[in-house]
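Q: take this sequence and fold it.
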Amino acid sequence: MSNPSVSDYTVVRSKAKAFYDRYERKDELQHQTHYCPGCGHGIIHKMLANAIDELGIQDRTILISPVGCSVFAYYYFDVGNVQAAHGRAPAVGTAIKRSRPGSIVVSYQGDGDLSAIGSAEILHAANRGENITAIFVNNAVYSMTGGQAAPTTLLGQKSTTTPNGRSAATEGYPLRISELLATLEAPVYIARVGLGENKQIAQADRAIRHAVENQVRGLGFSLVEVLSPCPTIWKMSAVDAQKWVRDVMEKTYPLGVLRDHTTEAQPRSAPEPVPSLDRIPEILGLGGGDALRASVSCGSDSISIDCRPSENDGNHLFEPETSRVKQPAFSAADLRIRVAGFGGQGVLLAGEVLAEAGLDAGLEVSWLPSYGPEMRSGTSNCHIRLSHEVIDSPLVTSPNVLLAMNEPSLKKFAAAVQPGGWILYNGDAIADNCKRGDVHALAFPFTQIADTLGEPRVANMVILGTLLEITGVLPQASVEAALHRLVKQPRWLEIDQRALSRGRELYRESSEGVMP
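A: Numbering: from 1, shown residues only. Predicted coordinates:
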């Protein structure tokens, strides 16, 4: 018998058209997937993409992904994508649906997002019967930030914030979102499904399609809760995590359809169209003039703003008459520092040392951490301000000092450094496309230098030592005091101190190492 050709087979299922042809990753992370092995998000993505294809709504779909592992949805779905603030996807979805009634709006949220900070948004969107579809991925824990207890964490389940297991007396009972929403009058369809076995997965596939179809028909609010495995945070194999969904989670969260009014529901009437911009002054009772003006005063300064649509730039609704205030050049009296790198490079600790030392030295201080949503190899950066004056904002959008622990951070933040400022880079040389003639730039392989001290992970302290030597703002005694408060283990305290000293030496040995 001859080998069969491709034409002898019938394609039953292929990659959904709603997916991108290629799933992009950062250049340095092409070998990794966004999701951990055994994670349920990939399965749920496929179900949603199939539903979009089958219903023929790809060009109308707008997917809203907030903070958490769910944020990666925009890397996969070739639809309209909007990222919302933590928990706010139903509110953003409401705005989009009302402003674009013909769109199909899907909020895609995890349990730490939807059932905690976003509980008000999902409750009121459901109570209003907004014609949107919510996909609620429940793995009973905050996954993206390391495994803290969530409102859905089971009684007795251990997490980083419930190391002895969740207690009803101190943390309360697991929150059953689907049952809660099912008590409301407006929702059309609410179901809970699981990914514990193939039969459950098939049921989940049908439920997600049904929820999306309800919106296509204009019937109102639908939510599908999906019990999903999280092997990495649960510290289980992929197989054991799937079993845990089936054998443990289901006891607290029984599967089934909690509400289905699809057969008797009638299509909702479309909302009134939003008024045109030229009617806004009339609606606000501000007269029919062709311009609105506002004056804002702050002390002896005032700003006058002409609130007319700009004729030069259609992307800006209002164009201020005043020009931007130029930021001051580098000043030891007002350090605006941005430290950036990958998670695990000690970025946040470097910022904490600066902040603690500043407090000890009697300066005004702010420290604001920021990290990306990746569970593995994510980005991390922090904003630090040290000043003799009261600090107006902890945000550092235009730093006068940048500590870039890797090349992506250099490329991302170098252009924002104020003229006259400093760039310290953990590498052999500043990349050509990041060189600037109006800043001081110093490159050293700080990680390799830290390795010669016996621990490559103290590269953050080496680069911090170089910064301290350049600025001369913080007394050594204050830096030592900060280290003793933050670093508890004697071994790490000793090597951090040596790393700081080595960083100071690097700058002194470099002939200031200033490169135009």
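
Q: ok, residue 198 to residue 251 distance?
A: Look at residue 198 and residue 251: by Cβ to Cβ, to the nearest Å, they are 20 Å apart. The way it works is simple: take the backbone N, C-alpha and C, and place the C-beta from them, glycine included.

Q: my bad, should have said residue 434
A: 55 Å.

Q: my guess is residue 501 contacts residue 466, does it?
A: No. With contact defined as Cβ atoms under 8 Å, residue 501 and residue 466 do not form a contacting pair (10.9 Å).

Q: higher neighbour count, these two?
A: More crowded of residue 501 and residue 466, by other Cβ atoms under 10 Å: residue 466, with 27 against 16.

Q: pLDDT on stretch 398-407, on average?
A: Across stretch 398-407, pLDDT averages out at 94.

Q: and that stretch, end to end?
A: Using Cα to Cα, to the nearest Å, the end-to-end distance of stretch 398-407 comes out at 19 Å.

Q: may I see the buried residues of that stretch?
A: 399, 400, 401, 402, 403, 404, 405, 406, 407 (16 or more other Cβ atoms under 10 Å).

Q: name the helices or strands packed onto whichever strand or helix holds the fourth one?
A: Element membership of residue 402 [criterion: DSSP states H and E] is strand 401-404. Strand 401-404 sits against strand 334-342, helix 407-413, strand 422-426, helix 459-471, with contacts defined as 3 or more Cβ pairs under 8 Å, 6 or more residues apart in numbering; DSSP states H and E.

Q: next structured bit after the third one?
A: Meaning strand 422-426. Using DSSP H and E, the helix or strand that follows strand 422-426 in sequence is strand 440-444.

Q: past that next one, which element shows up next along the chain?
A: With DSSP H and E, the next secondary element past strand 440-444 is helix 446-452.

Q: just the CA trace of that following helix, in PDB.
A: The C-alpha trace of helix 446-452 is given here as PDB (Å, rounded to 0.1, in the frame of the first residue of the first chain):
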ATOM      1  CA  PHE A 446      28.900  45.000  36.200                       C
ATOM      2  CA  THR A 447      27.600  41.400  36.300                       C
ATOM      3  CA  GLN A 448      31.100  40.000  35.400                       C
ATOM      4  CA  ILE A 449      32.700  42.300  37.900                       C
ATOM      5  CA  ALA A 450      30.300  41.100  40.600                       C
ATOM      6  CA  ASP A 451      31.200  37.500  39.600                       C
ATOM      7  CA  THR A 452      34.900  38.200  40.400                       C
END
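
Q: ok, and what's touching that helix?
A: 405, 426, 456-459, 461-463, 466, 499, 502-503, 506 (Cβ atoms under 8 Å, 6 or more residues apart in numbering).

Q: how many residues are close by residue 190?
A: Counted by other Cβ under 10 Å, the residues lying close to residue 190 total 28.

Q: bridged to it, which residues?
A: Counting by DSSP bridges, residue 190 forms beta bridges with residue 223, residue 259.

Q: distance of it from residue 182?
A: Taking Cβ to Cβ, one finds residue 190 at 5 Å from residue 182.

Q: residue 164 too?
A: 32 Å.

Q: looking at those two, which is more packed in?
A: residue 182 (17 against 8).

Q: surely the more buried one meets residue 192?
A: No. Residue 182 is not in contact with residue 192 according to Cβ under 8 Å; the separation is 9.8 Å.

Q: okay, and the common contacts of the two?
A: Residues touching both residue 182 and residue 192 (Cβ under 8 Å, 6+ apart) are residue 258.

Q: where does residue 113 land in three-state SS?
A: In three-state terms, and counting by DSSP: H, G, I helix; E, B strand; the rest coil, residue 113 is helix.

Q: list the contacts of it.
A: Shown in contact with residue 113 (Cβ under 8 Å, 6+ apart): 66, 67, 68, 70, 86, 87, 89.
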